[in-house]
Structure formats: C-alpha cells, structure tokens
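*Asks:* what's the 3D shape of this:
(one chain, ligands or ions: 1)
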Amino acid sequence: MTVALEGFHAVKHALRFAPSLVRRITVASLPEALALCDALAPDVRDTLLALAVPGSVDHPTGVCGVALRPVEDRSVLSARVAPLVLLDDPRHPGNAGAAIRVAAAAEASGVALLGSLDPWHPSVLRGAAGLHYALPVLSCTLAEVTGPLLALDAGGTPLGSVPDNAVLVVGSERAGVSDEVRWRADRVVSLPMREGVSSLNLATALSAALYAWKLSRSA
Ligand SMILES: C[S@@+](CC[C@H](N)C(=O)[O-])C[C@H]1O[C@@H](n2cnc3c(N)ncnc32)[C@H](O)[C@@H]1O
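*Replies:* Just a heads-up that it's a prediction; the model follows:
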C-alpha cells in the first residue's frame, strides 16, 4: 500500500529514514528542489535527484512523492528500550501527527493508537511531516500493550521518573484518558499547571513527558 508524501519535508523524512520505500518524487522545478536540499537537507540530495521527475505539484514547496507503507512492527507493543506512546482515541488528525512528530524527535520506540483514527490517514501524515518513516506507527488494542503504563492526566500525581520501557498514554482532546486506561495504569501522572489552566494540548503534554524522560536519560 502506498501513501502520498505532501511537500518537501515529508519527502525529506521518508528519504532520510526509509529511502528504499520511496517510489516516486515529483518536483515542479528540479533546480528549486535541489536548492531546497542544499539549504535544508544536503544528505538527501542524491537520492532525491535519482528519483525526481518534473511534473505538476499541488504543494507550496513544489515537491511531493509516493512511498510504500513500511511493514508493521508490532513488537514495540510488548518489548522496548524507549517509551512507547499510546494515544487514547485521538480525534484530531493534526494532534496525532504532532504527537508522532515529537515521538520521533525524542526517540520514542513507537506510537500506537487506540480508537478509530487511522494513524496513516493523509492528515495525520501531514501533521507528522512524514516522520511515520522514523518509527513504528500503528493501531492496537489496550490488551496488546504490556509494560509499565503511565497515564498522563492533569489530575494525577506529578510526573516523576519515566522508565525506559514505559507506555506513555495521552488522552483524547475532549474526554481525556478512558476509564479502561485508568484501571490498567500503573501510575496516573500530571504536568503541574498554573491555577486556572485546565489542560495542555495532547501533543504538548506528550512532548513535556517525553523530554523529561530523554533529558533525565542523557543527564
Ligand atoms: C486536551 S487534554 C484532555 C482534556 C480533557 N478535558 C480531560 O478532562 O482530561 C488531552 C490529554 O493531554 C494530556 N494532558 C493535558 N494536560 C495535562 C497535564 N497538565 N498533565 C498531564 N497530562 C495532561 C492528558 O493525557 C489529556 O488526556
């Protein structure tokens, strides 16, 4: 199955993390596409040049592409050396995309979604700038996930240390974390906020928790 890579950044990330899966790159202008590579991503210049075909592109960067979806890696649901992100029924594709983007940046082991949103929906891919190619991204059920589960919730106890093999759950935009997740959670943890602020955006909360883990690890 193939997916559309919309824009230079999505193409760049697919080329960088999974070059063998990129099937086609269309560029409105080859010199301009190569100038973008030179300015932003010289490491992908040669692969882009090898695959690029001039054509009409409906994206302001003048670059788009098509790539195969990677073989699904479900092993992260049960074994990992870096936290797995579990999105509990996200509704907004842009939020799921932003969560995938920060998970890739912080070197999480993968991102799994509970609920009906397709993690490979074009709008999710757009929000993640193609970083689906940097780590496993998949749908799952709660029963499939093993390991210490930390549910992020504004009403929890302050986030302490995050184990390397943690499952970090963030709730949905409106409903927060489900009762099922709360019952299964080893800890329900919060990011303290100023009085009067009710919650953070889910990708923002995830970002803070993932970087708390990453920075404590490098320290
Ligand atoms: C927009 S919030 C959901 C708000 C929802 N009305 C609720 O009652 O939880 C989306 C998710 O971000 C995470 N989150 C937001 N603010 C947080 C905080 N201060 N501490 C921990 N997690 C937070 C939680 O996982 C939450 O379910």
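*Asks:* got the residues of the chain near the ligand?
*Replies:* Applying C-beta under 6 Å from any ligand atom, we find that the chain lies next to the ligand at 152-154, 170-171, 173-174, 176-177, 190-191, 193, 199-202, 205. To be clear about C-beta, it is placed using only N, CA and C from the backbone, and glycine gets the same treatment.
*Asks:* quick one, strands of the chain?
*Replies:* Using DSSP state E, the strands found in the chain span residues 2-6, 22-27, 52-54, 63-68, 84-88, 110-114, 137-139, 149-158, 167-170, 187-190.
*Asks:* deepest of those, which one?
*Replies:* Each of the strands of the chain was scored by mean neighbour count; the highest is strand 167-170, a mean of 27, by mean count of other C-beta atoms under 10 Å.
*Asks:* by contact count, what packs against the helix ranked longest in the chain?
*Replies:* If you go by DSSP state H, the chain has its longest helix at helix 202-218. For helix 202-218, the elements it packs on are strand 84-88, helix 93-105, strand 149-158, strand 167-170, judged by 3 or more C-beta pairs under 8 Å, 6 or more residues apart in numbering; DSSP states H and E.
*Asks:* tell me the buried residues in stretch 66-76?
*Replies:* 66-67, 70, 76 (16 or more other C-beta atoms under 10 Å).
*Asks:* the residue of the chain most remote from its centre and the ligand, how far apart?
*Replies:* Largest separation from the mean C-alpha position in the chain: residue 31, at 30.7 Å (C-alpha atoms, centre = their mean). Distance of residue 31 to the ligand, computed by C-beta to the nearest ligand atom, to the nearest Å: 44 Å.
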